[in-house]
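[1] can't give you the sequence, but here's the structure:
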Ligand code: 5RP
C-alpha cells in the first residue's frame, strides 16, 4: 500500500471505529455497505467478542458475509422494523448533510435501513465532503424490464445515463435485488430534493442514491489521520 492509500485507510478506520463505539448493549444496528463500514464491522466484532450484545441488519450480501465472519448476530427488518442506529458510508456529503450513495449498488436497502432507523450515522473520509452534490454520478436502481424508457426519462431530467457494467462478468451489474444500476451524471444538481423526487417518479425506477430525507437524524463522522470531526444535525436526539 502506498502512503496515500495508507492515509485513506487510516481515515476510514478512524471514522468506522468511532461509529462502532457509539453502539451500546442491546441495540439493533443497521449495517451499511462499503470499505468504511468494513472498519466499523471490524471494531464492532472486537466489542462483540468482549461481550457486547447487538443484532445487526445487513444491507448487502457483502455486509452479511463480513458480519457473519466477524461473529455479529444478524436479524431482519421483519423482526425489527425499528432500528436503533444505522451506520453507513457515502460517496458525497453536502453542508446540509444530504448524500449521494450507491457506488457499491447497495443504496436501495441502505435507504430502507436509513428510513427505519432512529439515528443515521454516516462514516466518510474528508474527500467525500463537498460544497454541492453532483461531482459523483447519481446511481439509480432500475427494473430491467423498464430500462429503455427509464433511460429516456432520465435523459429528460438533464443527465447522461450509463448502465453500469460488471467487472468480472460480461454485461450489466445485477444488484442484490436483481435489478440494473444506471449511473446518472448531471452537470450540476441545483435542487437535490427536487431531483430525488423527479427520479423517484419515473415508473421502473426502484430507488436513487440521493439521500435528502434523513438529514434531521444524521450524524456524519469525517475520519482524519489524527482525529475525526463529528457533524451532527441540531435535530438529532442522542
Ligand atoms: C454502497 C454505498 C457505500 O456506502 C458508499 O459507496 C461508500 O463506500 P466506501 O466507504 O467504500 O467509500 O453507498 O452502495
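    Here it is on my side, so go on. On a predicted model such as this, the values are computed, not experimentally measured, just so you know.

[2] name the helices or strands packed onto the longest helix along the chain?
    Counting by DSSP state H, the longest helix found in the chain is helix 3-20. With contacts taken as 3 or more CB pairs under 8 Å, 6 or more residues apart in numbering; DSSP states H and E, helix 3-20 sits against helix 35-49, strand 117-125, strand 218-223. Any C-beta I mention is one placed from the backbone N, CA and C, and that applies to glycine too.

[3] and the chain, which residues reach the ligand?
    Taking CB under 6 Å from any ligand atom, the part of the chain that reaches the ligand is made up of 32-36, 88-91, 101-107, 110.

[4] that older thread, make CSV from the helices and strands packed on helix 3-20 and add mean neighbour count to it.
    Converted to CSV, the helices and strands packed on helix 3-20 look like this (neighbours: other CB atoms under 10 Å):
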stretch, mean neighbour count
helix 35-49, 21
strand 117-125, 24
strand 218-223, 23
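
[5] if we can go back for a sec, give me the buried positions along the longest helix of the chain.
    Within helix 3-20, the residues scored as buried using 16 or more other CB atoms under 10 Å are 8-20.

[6] continuing past that helix, what's the next helix or strand?
    Per DSSP states H and E, the first helix or strand lying C-terminal to helix 3-20 is strand 28-31.

[7] Contacts for that next one, please.
    If you take CB atoms under 8 Å, 6 or more residues apart in numbering as the criterion, strand 28-31 is touched by 23, 37, 40-41, 44, 54-59, 63, 67, 72, 75, 80, 82-88, 113-114, 116-117.

[8] And for stretch 200-209?
    With CB under 8 Å, 6+ apart, stretch 200-209 has contacts from 91, 99-102, 107-108, 111, 138-143, 145-147, 149-150, 153-154, 177, 179, 184, 196, 199.

[9] For PyMOL, write a command that selects the buried ones of the residues you listed.
    The PyMOL command for the buried members of the contacts of stretch 200-209 (criterion: 16+ other CB under 10 Å) is given here:
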select buried, resi 91+99+100+101+102+107+108+111+138+139+140+141+142+146+147+150+153+154+179+184+196+199
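
[10] For the helix or strand residue 147 falls within, which helices and strands make contact with it?
    Residue 147 is located in helix 147-156, with elements delineated by DSSP H and E. With contacts taken as 3+ CB pairs under 8 Å, 6+ apart, helix 147-156 sits against strand 138-142, strand 159-163, strand 180-186.

[11] And the average pLDDT for it is what?
    Averaging pLDDT along helix 147-156 gives 98.

[12] care to break the protein down by domain?
    The chain breaks down by automatic domain parsing into domains covering 3-129+213-232, 138-208.

[13] nearest to residue 238, of those?
    Evaluated with CB to CB, the domains of the chain place domain 3-129+213-232 nearest to residue 238, the distance being 7.8 Å.
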